[in-house]
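Asker: I'll drop the sequence and a predicted model, then ask my questions.
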Amino acid sequence: MTIEVKIYYEDTDCGGVVYYANYLKYFERGRTEYLESRGFRLKDLMQKGIFFVVVEAHLRYHSPGRYGDVLLIDTELKDKGRVSLLFSHSVRRKGTEELLVTGEVKIASVNERMKPLRIPEDILSAV
């Protein structure tokens, strides 16, 4: 799944380069859209007592994104377990397709008390 993110001034550092931590926000948007495209709204899951938390994040920066760019955030499920999902992400500059950032983020399912919670089978089979 691919989403677009337009880079505004607020996304950049004083040099007009995308602030490095913002890529984690873009990855989050990609995962949210990925799950919603499969019929699972995070808000609905939270109302059922199912929450997802990030337990690992790895990023590699290849080239800087800049103010005014439109970025393509690619998200795919790499692996799934009983309580976790591993997503891979890549960020490319729209128009040139230049690779800017790659990464993986592992999320875990927890309940309201932040205790591990088995991911429901309907979610596992749909992702």
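Answerer: That came through fine.

Asker: For the rest of this, base every contact and every neighbour count on C-alpha atoms.
Answerer: OK.

Asker: Let me see the ranges of the helices in this structure.
Answerer: Under the criterion DSSP state H, the chain contains helices at 22-37, 42-47, 121-126.

Asker: For the longest one, which outside residues touch it?
Answerer: The reference is to helix 22-37. Counting by Cα atoms under 8 Å, 6 or more residues apart in numbering, helix 22-37 makes contact with 1-3, 5, 11, 41-42, 73-76, 87, 89, 101, 127, all of which sit outside it.

Asker: Out of those, which is nearest to residue 56?
Answerer: Using Cα to Cα, residue 87 comes nearest to residue 56 of the contacts of helix 22-37, at 10.4 Å.

Asker: What is the burial count for the closest residue to residue 2 other than its chain neighbours?
Answerer: Distances taken as Cα to Cα, 6 or more residues apart in numbering place residue 74 nearest to residue 2, at 4.4 Å, with adjacent residues excluded. Neighbour count of residue 74, defined by other Cα atoms under 10 Å: 20.

Asker: Just the buried ones out of the contacts of helix 22-37, please.
Answerer: Buried by 16 or more other Cα atoms under 10 Å: 2-3, 5, 11, 42, 73-76, 87, 89, 101, 127, out of the contacts of helix 22-37.

Asker: so can I have a markdown table of those residues showing distance to residue 36 and pLDDT?
Answerer: Converted to a markdown table, the buried ones among the contacts of helix 22-37 look like this (distance: Cα to Cα, whole Å; pLDDT from 0 to 100):
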| residue | distance to residue 36 | pLDDT |
| --- | --- | --- |
| 2 | 13 | 98 |
| 3 | 12 | 98 |
| 5 | 17 | 98 |
| 11 | 25 | 98 |
| 42 | 8 | 96 |
| 73 | 15 | 98 |
| 74 | 15 | 98 |
| 75 | 13 | 98 |
| 76 | 13 | 98 |
| 87 | 15 | 98 |
| 89 | 17 | 98 |
| 101 | 23 | 98 |
| 127 | 10 | 94 |
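
Asker: Just send these back as a markdown table, with distance to residue 107 too.
Answerer: As requested, those are exported to a markdown table (distance: Cα to Cα, whole Å):
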| residue | distance to residue 107 |
| --- | --- |
| 2 | 19 |
| 3 | 19 |
| 5 | 22 |
| 11 | 24 |
| 42 | 13 |
| 73 | 18 |
| 74 | 17 |
| 75 | 13 |
| 76 | 13 |
| 87 | 8 |
| 89 | 13 |
| 101 | 19 |
| 127 | 13 |
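
Asker: Alright, calling it a day.
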